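Chemist: With the input below, show me the fold.
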Amino acid sequence: MSAYKKKNENDISSSSSGSEVPDKMSIYQDCLKTFNESPISPKKCRLLLAKLLNILTLEGYKKSFTTSEATTLFFSVSKLFQHQNNDSLRQMVYLVIKELSSISEDTLMVTSSIMKDIQSGDNLIKPNAVRTLTRVLDETTAFSAERLFKNCIVSPDSSVCSASLVSSYHVLPIAETTVKRYGTEAMQAIFTPKKVSTYNNNSSSSSSNNNGDEGGSKFYPQSSYMSEYHAFGLTYKLKNNDKIALMKLIQNDFNSLKNQFLKVEWIKVVGELIYKDSSLFSNFEQLLYNGLYQSYEAVKLEIAKLITTLIVDNIAPVNDQLFGSVLEVLKQFLVVPRTSTRFASVRLLNKLAMVAPTKISVCNPELESLINDKNRNISTFAITTLLKTGNSSNIASLISTINKFTHDVSDDFKIIIVDAIRTLSIKFPNEWNVILQFLIDSLKNSDGGIKFKNSVVDCLIDLVQFVPSSKESALENLCDFIEDCEYSEVLVRVLHILGDYGPTASKPSLYVRHIYNRVTLENSIIRSAAVVALSKFVIINGGNNASADPTLAKNIISLLENIKENDVDDEVRDRSAVALECIKENHPDLIKSSKTFDLSVLESKLTQYVTNHEFDSPFDTSSVPQYSEDERRALELKRKQDEINDKNSGDFSSAGKKSKKTDASTKNNGSLGASSSNTTFEQRAKIIHEYTEKLYEASIIPSDGSSKFGKLLNSCGPVPLTEPESEFVISAIKHIFQNYIVLQYNIENTLTDSAVENVQVEVNTNTNKTSNLVFDSSTIIDQLMPGANEQCYAIFEKTSESIKEEEFSNILTFVTKEIDPATQQPFAGDEGFDDEYEFDPLLLTCGDYLQPLFTADFRQDLSKLSFGDSCVYNIKENITLQQAVDKIVLNTNCLPLENTQFIMDESEKHILKLFGKSCLNDDIKIGILIKMIKSSKGIALKAEARSNDQELCSDLVNSLI
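Modeler: From the prediction side, this is the model:
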């Protein structure tokens with residue numbers, strides 16, 4: 001530019017160039033000299049201010065100048081206020097003052113000059129003046145600017161109004177009272193569109209021409225009504241703790257708003273109010289519906305995001321009309337050219353597919369078009385969404401399309417796709433052929449790192465475990481894969497799979513050959529794993545297996561002896577020796593354990609053991625639950641089913657409707673699978689474990705099970721027995737022992753001014769004539785302070801081994817004492833008064849005695865059970881088939897098989913398959929086949945149960961609902 005080329009005696013420091021940071025002291029001296037000249041040169045002053053600002057921002061102003069230097073500079077710059085007729089110079093002055101004000105002293109001296117510009121200056125410099133004023137004010141002087149801020153907020157100029165509103169954000173922490181006094185003006189600015197001003201800088205141009213500046217120019221700013229957005233932000237800051245005030249604000253006309261960012265924030269506040277109180281959703285339902293037909297994409301996406309969150313988190317009811325409108329909007333956005341819009345839309349559909357897959361299927365054509373999208377994030381989301389919405393009829397074509405796509409994406413995206421495929425394998429077990437072929441192709445493909453290969457192996461393990469018909473085909477393909485596998489870690493995992501499932505296959509010798517090849521061809525790590533896998537073929541196949549082959553076992557023993565003698569690695573030889581000894585001495589548990597510890601409980605117990613330094617006695621494993629192979633698979637399958645769909649899929653129109661009174665059939669289901677349907681099986685198990693620990697801590701039963709109670713067999717709950725807002729919040733857990741029932745009551749005192757003492761629950765059975773329970777004893781809580789949560793117990797002894805449904809009436813008895821506010825303890829000498837509190841009854845059902853059990857062939861195992869019974873129900877209440885299925889699963893506490901707990905299509909017919917076992921006797925098993933038909937009259941249900949215990953079979957089938 002010409003300003004840099006012209007050189008004379010007044011030019012500053014010619015040694016600096018535009019690409020270098022000027023010398024600090026040289027600029028400092030030039031500023032002091034030039035700013036004190038009379039008359040000043042606006043052009044040189046602007047150039048100096050620009051270089052000074054460069055130093056302050058690039059080097060960091062706190063390190064650039066000392067406080068005294070910064071103060072001197074500040075005073076010199078402030079003298080430029082005397083030059084009144086050059087707006088461009090004044091704007092540079094404000095920029096530098098803003099940077100210097102935080103390191104200078106006595107900055108208040110420029111307050112009067114800034115205020116004068118705000119009062120009488122033109123609208124071009126007013127915004128700069130307002131923003132600078134906030135930097136020089138402090139707690140003691142902020143009140144003096146109240147009138148100026150208020151006048152600027154009501155100014156018709158958009159930039160002046162916005163500057164005042166944004167500056168108020170910064171003043172708010174130091175002068176909240178001052179800002180609140182003009183809160184009304186700020187709220188009015190939301191609904192008062194500001195004019196777009198045109199500035200003609202004639203006066204400044206003539207002054208500039210006198211000093212060698214270029215001629216005048218016009219500045220035409222474009223308004224987007226940002227002042228409305230800033231006004232709403234400030235108003236929200238002032239009212240965010242006042243729910244009523246926010247409600248009044250949000251109930252204003254949404255369509256009158258001009259700024260799209262304001263509308264987005266408006267919707268966010270609506271969402272915040274609904275999150276706090278779901279009953280408010282009906283007040284905003286029409287607003288959300290109308291907002292979906294706005295012209296701004298951002299507003300539509302924000303509304304769609306809010307409604308998606310309400311549905312997925314089960315916060316508020318969403319009717320079909322509103323949900324359909326959201327789907328229509330998202331469907332349209334899937335084909336727009338803007339990448340960000342397509343990504344946001346497909347991401348929301350991916351979330352909705354978790355809870356309403358059948359409703360999302362209307363978007364499948366558009367989603368399929370995104371599979372080859374150039375943005376891989378979008379294509380991956382499209383694929384996983386399609387997999388979630390897929391059904392048995394289109395899985396083959398869908399996986400075929402995906403197979404072409406996976407070669408072009410990174411491992412991270414491949415892993416996401418494989419995880420979605422894993423979900424399909426559990427949802428549609430009958431389609432295992434297509435899924436298995438895709439997984440094997442992915443595994444054998446040379447592309448992909450170790451993480452991807454491991455994810456495929458994880459998926460294959462699930463397929464082999466939970467879809468038994470796929471076992472032999474999957475194992476044969478894995479045998480082919482290990483011949484060329486380059487990753488030792490993956491190869492070791494495959495060998496363990498072959499060792500676990502190969503011995504029970506129809507041709508175990510086929511797998512032995514492939515495993516032994518690894519002993520001769522691979523490294524020591526793989527050889528060690530192969531030795532363990534080979535030994536399992538002898539231990540498992542040589543037991544009570546119908547396909548036991550003595551010749552095969554003899555050959556494997558010979559191979560192990562050869563490895564023991566000739567292998568070069570110590571660990572391989574040692575494993576061979578241990579395996580041979582276990583086979584010889586008949587100790588199969590050392591190689592293949594028949595029981596598996598609950599790892600989370602084991603970890604907790606070990607941590608407690610180490611933390612408490614209890615090393616004087618050996619670690620006791622008797623209190624850690626152990627599961628058989630079928631029990632472990634049942635628990636694992638239940639956990640994965642919860643991961644797939646832990647929410648009520650399909651009908652979310654009743655979401656968020658939390659009834660104040662839970663019906664008896666819901667309250668009686670406290671078993672492991674029978675708590676709230678919104679919590680996963682794993683979460684419920686964790687809660688039960690925590691409360692069971694309290695049972696041991698209270699010394700009700702010793703942790704080693706050495707008392708008269710014996711071993712804890714099952715724990716069911718927690719079951720809520722009072723309302724959350726009642727004076728006592730009480731829930732119960734039912735602990736099942738062989739000959740005893742222990743009822744654990746968790747009691748929280750919500751009274752703020754009273755403590756209760758001698759707290760006890762009086763429990764009576766309401767079926768005294770036929771009850772097989774006799775009251776044994778109970779415990780007392782000595783004192784329950786406000787907000788405290790304690791446990792008390794009621795113990796019943798069983799008079800017979802039969803399983804019967806019991807109902808317990810509950811009355812809480814206690815002594816109430818008032819709290820002294822000074823000491824927060826009961827008044828001294830206060831004897832209190834006796835009181836009681838009756839709460840809901842507790843049911844003990846047949847389902848509380850059952851545990852989920854996995855079976856590979858439901859039909860075959862059902863036919864093996866000796867006794868059968870059936871019952872027909874006619875449910876007249878207005879519930880969906882899915883709700884009926886959920887209720888039955890909770891009441892029975894059995895394991896749903898073949899994915900029958902989910903009704904994926906809006907079908908009028910359904911078959912539910914359940915399997916479980918008695919916690920009192922592992923040999924007693926029960927299977928239930930339930931056929932349902934929904935009609936205009938309700939739901940007709942026929943249940944057929946079979947068990948090797950006739951009484952259990954009859955009682956359970958007659959108490960399903």
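Chemist: can you pull the contacts of the residue nearest to Ser227 when sequence neighbours are not counted?
Modeler: Using CB to CB, 6 or more residues apart in numbering and skipping the chain neighbours, the partner closest in space to Ser227 is Cys161 (4.1 Å). Every residue, glycine included, has its C-beta placed from N, CA and C. Contact analysis of Cys161 by CB atoms under 8 Å, 6 or more residues apart in numbering lists 152-155, 189, 194, 227, 230-231.
Chemist: rerun at 10 Å
Modeler: In this structure, Cys161 makes contact with 126-127, 130, 152-155, 185-186, 189, 192, 194, 226-228, 230-231, judged by CB atoms under 10 Å, 6 or more residues apart in numbering.
Chemist: could you pull out the strands for the stretch 801-950 of the chain?
Modeler: Ranges of strands within the stretch 801-950 of the chain are 806-820, 825-826, 833-844, 850-852, 867-875, 895-896, 909-918, 925-935, 938-947, based on DSSP state E, counting those that start in this stretch.
Chemist: Could you list the low-pLDDT ranges of the stretch 101-250 of the chain?
Modeler: Residues of the stretch 101-250 of the chain that meet the criterion pLDDT under 70 lie in 196-224.
Chemist: which stretches of it form strands?
Modeler: With strands called from DSSP E, counting those that start in this stretch, the stretch 101-250 of the chain shows them at 199-200, 218-219.
Chemist: got the contact list for Val346?
Modeler: 330, 333-334, 363, 366-367, 370, 373, 375, 377-385.
Chemist: er, Arg493 I mean
Modeler: 453-454, 457-458, 460-461, 478, 487, 529.
Chemist: and the residues you listed as a markdown table, adding distance to Glu951, neighbour count and pLDDT?
Modeler: Listed next are the contacts of Arg493 as a markdown table, based on distance: CB to CB, whole Å; neighbours: other CB atoms under 10 Å; pLDDT from 0 to 100:
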| residue | distance to Glu951 | neighbour count | pLDDT |
| --- | --- | --- | --- |
| Lys453 | 51 | 25 | 87 |
| Asn454 | 48 | 17 | 87 |
| Val457 | 45 | 23 | 87 |
| Asp458 | 42 | 15 | 86 |
| Leu460 | 42 | 28 | 88 |
| Ile461 | 39 | 19 | 85 |
| Leu478 | 45 | 24 | 87 |
| Tyr487 | 54 | 15 | 84 |
| Ala529 | 48 | 25 | 88 |
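Chemist: Pipe those residues into a markdown table and attach distance to Val409 per row.
Modeler: Listed next are the contacts of Arg493 as a markdown table, based on distance: CB to CB, whole Å:
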| residue | distance to Val409 |
| --- | --- |
| Lys453 | 15 |
| Asn454 | 17 |
| Val457 | 19 |
| Asp458 | 19 |
| Leu460 | 20 |
| Ile461 | 23 |
| Leu478 | 24 |
| Tyr487 | 20 |
| Ala529 | 31 |
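Chemist: Which of the residues you listed fall within helices?
Modeler: Those of those mapping onto helices are 453-454, 457-458, 460-461, 478, 529, per DSSP state H.
Chemist: just the strands of the stretch 801-950 of the chain: most buried one?
Modeler: strand 850-852 (a mean of 27; mean count of other CB atoms under 10 Å).
Chemist: For that one, which outside residues touch it?
Modeler: With CB under 10 Å, 6+ apart, strand 850-852 has contacts from 627, 630-631, 633-635, 637-638, 671-673, 681, 713-714, 716, 736, 803, 889, 892-897, 914-920, 922, 924-926, 952, 956.
Chemist: What is the nearest of the contacts of Arg493 to Phe827?
Modeler: Ranked by distance to Phe827 (CB to CB), these are led by Asp458 at 62.6 Å.
Chemist: ok, for that closest one, nearest residue in space, not its chain neighbours?
Modeler: Arg422 (7.1 Å).
Chemist: same question, Leu398
Modeler: Nearest one to Leu398, counting by CB to CB, 6+ apart, is Gly390 at 5.4 Å.
Chemist: try Lys453
Modeler: Leaving out its chain neighbours, the residue that sits closest to Lys453 by CB to CB, 6+ apart is Val490, at 4.7 Å.
Chemist: How about the contacts made by the residue nearest to Asp458?
Modeler: 387, 435, 439, 455-456, 458-463, 640, 643-644.
Chemist: So among these, which ones count as buried?
Modeler: For these, a neighbour count by 16 or more other CB atoms under 10 Å gives the buried set as 387, 435, 439, 455-456, 459-463, 640, 644.
Chemist: Sort those residues by pLDDT and name the bottom one.
Modeler: Among the buried ones among the contacts of Arg422, Ile644 carries the lowest pLDDT, at 61.
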